[in-house]
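Visitor: got a structure for you, letters missing:
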């Protein structure tokens, strides 16, 4: 049984943008592979400045939405302010000798779209991190930069942003700069769709899907397939099944029951020919939709979520360790 974990961004959700040296900001060629950071002897792509002389590069995977009566054309939308300029120059007298490759990693568990913040780590001392947040309209929602004054390699670097409007995020470009003028970048595609559906009713303490509930699942499968057809240009979509309970019964019992029911529904989708990867996890009473006291039969908390996503959804943090399990 495969296990989906979320300590970092899943590989299919990241695009290596570029790496280089000697610039205050990110390069203009987002398709350059993120190999070893370049030295002064090897020319790097011209960096995209944070001032008005050189705008940020257009996203390599940007998919702009078509104008509609309730969604103005991108040209009609306001522009996000530019990020503050933070200079990262190579330090004189820097130590010579072998150096660790400059790499950047994004902690998927710390990408908070609602709270507008994320967390990254660099393999070298950090000068700054820059981000650009792009909405589904194709326009930039936010630019941000934060200085880290030589934070040690591996330090968790938290960066937040302020979007100019409420809009679904389709892409986040993240650039990390070390203290010697080198940079490296990745792009995150935090795409996901929650499938609206009618809840399957189980008998008490059972995870068996009754014949009377099959039409509900069939209707949900059709919605999943319709969403996949609509977004057929996206590669690497998976279906995640998340089970939840109310607070009636012990937390341990509810956790086990939610996992069994989530797995049963995931297996049903797989058994009906769904070709994309399917993963499941149960959260018991640890992630309620409505917070209640103990022994409260809150119907909204007895639910199973169906989520289509390019990378595993965030998992609750706490005493219990959760992990997506693939069929």
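Guide: Thanks, I have the structure now. None of the values given here were measured: they were computed from a predicted structure.

Visitor: In terms of helices and strands, where is residue 279?
Guide: Secondary structure from DSSP states H and E places residue 279 in strand 278-282.

Visitor: Other residues contacting that strand?
Guide: 2, 4, 238-244, 255-263, 265-266, 269-270, 312, 315, 322-327 (C-beta atoms under 8 Å, 6 or more residues apart in numbering). All C-beta atoms are positioned from the backbone trio N, CA, C, and that covers glycine.

Visitor: Nearest residue to the middle of the protein?
Guide: Nearest to the mean C-alpha position of the chain, by C-alpha atoms, centre = their mean, lies residue 190 at 3.9 Å.

Visitor: Surely that one is in a strand?
Guide: No: counting by DSSP: H, G, I helix; E, B strand; the rest coil, residue 190 is located in no strand; its state is coil.

Visitor: residues in contact with it?
Guide: When contacts are counted by C-beta under 8 Å, 6+ apart, residue 190 touches 13, 111, 113, 169, 170, 171, 172, 310, 311.

Visitor: Was I right to think the third one contacts residue 170?
Guide: Spelled out, that is residue 113. No: in this structure, residue 113 is not within contact of residue 170 by C-beta atoms under 8 Å, at 10.9 Å.

Visitor: who has more neighbours, the two?
Guide: Taking other C-beta atoms under 10 Å, residue 113 and residue 170 do not tie; residue 170 has more neighbours (21 against 15).

Visitor: For residue 129, give its distance to residue 83.
Guide: From residue 129 across to residue 83, the span is 10 Å (C-beta to C-beta, to the nearest Å).

Visitor: what touches both of those two?
Guide: residue 145.

Visitor: Looking only at neighbour counts, state which of those two leads.
Guide: Per other C-beta under 10 Å, whichever of residue 129 and residue 83 has more neighbours is residue 129, with 27 against 19.

Visitor: Next, the more buried one: secondary structure please.
Guide: Going by three-state DSSP: residue 129 is strand.

Visitor: now do the one 3 residues further on
Guide: Reduced to three states with three-state DSSP, the structure at residue 132 is strand.

Visitor: Find me the pLDDT at it, would you?
Guide: Residue 132 carries a pLDDT value of 97.

Visitor: host element of the closest residue to it other than its chain neighbours?
Guide: Of all residues not flanking residue 132 in the chain, residue 173 sits nearest, at 4.5 Å (C-beta to C-beta, 6 or more residues apart in numbering). Element membership of residue 173, judged by DSSP H and E, is strand 169-178.

Visitor: And for residue 163?
Guide: Residue 163 belongs to no helix or strand, assigned by DSSP H and E.

Visitor: quick one: contacts for the nearest residue to it once chain neighbours are set aside?
Guide: Closest residue to residue 163 apart from its sequence neighbours, by C-beta to C-beta, 6+ apart: residue 141 at 4.2 Å. Counting by C-beta under 8 Å, 6+ apart, residue 141 makes contact with 80, 133, 134, 135, 161, 163, 164, 165, 167, 169.
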